[in-house]
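A.B. asks: need a structure here:
(one chain, ligands or ions: 2)
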Amino acid sequence: MATGQALGQGPAVSNDAAAALMQSLTDLVLRAGAAILAVDRSAPVEQKPDGSPVTIADLAADRIIAEGLTQLALGIPALSEERCALGRAASGSFFLIDPLDGTKDYVAGRDEFTVNLALVTDGKPLLGIVGAPALGLVWRGLVGHGAERLTIGADGKVATAAPIHTRPMPSTGDPWIVAISRLHLDDRTVAFIESRPGAVRAPMGSALKFCRIAEGEADIYPRLAPTCEWDIAAGAAVVIAAGGRLTDGSGASLRFDEPRPNFIVPEFIAWGDPRAAG
Ligand SMILES: Nc1ncnc2c1ncn2[C@@H]1O[C@H](COP(=O)(O)O)[C@@H](OP(=O)(O)O)[C@H]1O
Ligand SMILES: [Mg+2]
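C.D. replies: Ligands and ions are numbered 1, 2, ... in the order given. Alright, predicted model coming up:
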């Protein structure tokens, strides 16, 4: 079966029901992150059919989240990068998971990799959790309820939690901080950046780019090149919950219920200040 298919219907999870799930889902992201850190990074790297790398850390994190969701017995379908042949729900709610985003950065020995867990309801990101285990940080948000940044202690538990918000777009002439991919920067995105006078590039791996926007450390993350839905849904939810927006290249809100071959999103822009998106 081709991937990218919509299968069945998930229950529509409400905002309040999602809020009640936040801590259990955060615990899963923390456990998946701990499993990634426990793996020997020098273990062999396999290539998937699309040429992207997969390691035993990706698979260990994926298993923890899959088993954890099964134990929570929520009856909500889940689509993960590592099990994407299963398709996603056509309507209602579903989880969208990247157990290890930034695998190439991880393999290269950098700390800029994340565990991404999103809950999408009726095509819109509702809840997102992005864990950066090597940095000891988690960002999480629930649209309509706000977003926060957690620090994780040496015991693996949440040490501090602070609310976060995107920042207003820079005044004319002031620099824009532009989050960009460290390893996948493309010509169209470069042209977009260069069309904005005063743009300062901030390269980083994985969904961290969304998190820096959500906490007001960056202004925009343009990606006019393909990524997959699981790379962006959790980060998008955090950005939107923190006051920002996620659009396609023409300014329309990006949805997660459109038929997309192999779940590929051709382009998107994450904006800290929705007024900047026009
Ligand atoms: N041509 C392409 N098509 C689909 N996804 C792509 C892609 N090039 C890069 N990606 C995605 O971009 C992610 C890395 O983004 P970044 O460079 O910003 O860290 C990868 O996530 P994984 O590491 O989970 O495979 C991969 O899924
Ligand atoms: Mg990814």
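A.B. asks: neighbours of the residue of the stretch 51-200 of the chain found nearest ligand 2, how many?
C.D. replies: The nearest approach of the stretch 51-200 of the chain to ligand 2 comes at residue 101, 3.6 Å away (C-beta to the ion). In short, each C-beta sits where N, CA and C put it, glycine included. A count of nearby residues for residue 101, using other C-beta atoms under 10 Å, gives 29.
A.B. asks: that one against residue 206, yeah?
C.D. replies: Yes - using C-beta atoms under 8 Å, residue 101 makes contact with residue 206 at a distance of 4.4 Å.
A.B. asks: list the beta-bridge partners for the nearest residue to residue 103 once chain neighbours are set aside.
C.D. replies: Spatially, and ignoring its direct neighbours in sequence, residue 103 is nearest to residue 53 (5.0 Å; C-beta to C-beta, 6 or more residues apart in numbering). When bridges are taken as DSSP bridges, the partners of residue 53 come out as residue 47.
A.B. asks: need the contact list for residue 53.
C.D. replies: Each residue near residue 53 by C-beta atoms under 8 Å, 6 or more residues apart in numbering is listed here: 45-47, 103-104, 107.
A.B. asks: any chance of those in CSV, with neighbour count too?
C.D. replies: CSV is the format used below for these (neighbours: other C-beta atoms under 10 Å):
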residue, neighbour count
45, 16
46, 12
47, 9
103, 22
104, 17
107, 18
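A.B. asks: residue 69 belongs to a helix, doesn't it?
C.D. replies: Yes - counting by DSSP: H, G, I helix; E, B strand; the rest coil, residue 69 falls inside a helix.
A.B. asks: on that earlier part again, give me the pLDDT for the residue of the stretch 51-200 of the chain closest to ligand 2.
C.D. replies: We note a pLDDT of 98 for residue 101 in this prediction.
A.B. asks: tell me which helix or strand residue 159 sits in.
C.D. replies: Here residue 159, judged by DSSP states H and E, is contained in strand 158-164.
A.B. asks: show residues contacting the helix or strand following that strand.
C.D. replies: Where DSSP H and E defines the elements, the next helix or strand beyond strand 158-164 is strand 176-181. Identification of contacts with strand 176-181 by C-beta under 8 Å, 6+ apart yields 169-170, 189, 193, 196, 198-205, 208-210, 212-213, 217-223, 270.
A.B. asks: just those residues: which are in strands?
C.D. replies: Those of the contacts of strand 176-181 mapping onto strands are 199-204, 220-223, 270, per DSSP state E.
A.B. asks: where's the residue in the stretch 51-200 of the chain that ligand 1 sits nearest to relative to residue 101, distance?
C.D. replies: Evaluated by C-beta to the nearest ligand atom, the stretch 51-200 of the chain has residue 181 as its residue closest to ligand 1, separated by 3.3 Å. Per C-beta to C-beta, to the nearest Å, residue 181 is found 11 Å from residue 101.
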